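*Asks:* Need coordinates for the following:
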Amino acid sequence: MKICVLLLLTHCAIAAEWQCGSGRFSTAVAYILSLPATDRDYINSCCKAHDQQYDLIQNRSSLLTTQESDYIFKECLAQSNFGLAHLFLLPLRIAVSGLNQIARFLLI
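*Replies:* Predicted coordinates:
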């Protein structure tokens, strides 16, 4: 039992540094789906850069559009050694962004 708790705490500490996803659920899903990847740090850097671009776009501090940012993100993921990275992370990000926009619309 103690070993399970220790493993869980270690896993949570590692997952806390994972940047892919825009909420607890999508972050957890992206983290789990990327476990087979050998270059998770690279994938994580793509996600971090994409999130920073989105922050700049939302603050109107960037000339990029969200579509251009998504394209750059897709190209970054395409360079990953994990061939499936671009197949699940970008659609996950777009789906979550769409859900966030729908939620904002319903709250207005």
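*Asks:* so what's the closest residue to Asp39 other than its chain neighbours up against?
*Replies:* Leaving aside its chain neighbours, Asp39 sits nearest to Asn81 (4.5 Å; criterion: Cβ to Cβ, 6 or more residues apart in numbering). Where you see a C-beta, it was placed from the backbone N, CA and C, and this is true even at glycine. Contact partners of Asn81, counting by Cβ atoms under 8 Å, 6 or more residues apart in numbering, are Ala37, Thr38, Asp39, Tyr42.
*Asks:* Could you export those residues as CSV, including secondary structure and distance to Phe73?
*Replies:* As requested, those are exported to CSV (DSSP: H, G, I helix; E, B strand; the rest coil; distance: Cβ to Cβ, whole Å):
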residue, secondary structure, distance to Phe73
Ala37, coil, 16
Thr38, coil, 20
Asp39, coil, 16
Tyr42, helix, 13
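*Asks:* hang on, Ile43 packs against Gly21?
*Replies:* No - the pair Ile43 / Gly21 is not scored as a contact, 11.6 Å apart, by Cβ atoms under 8 Å.
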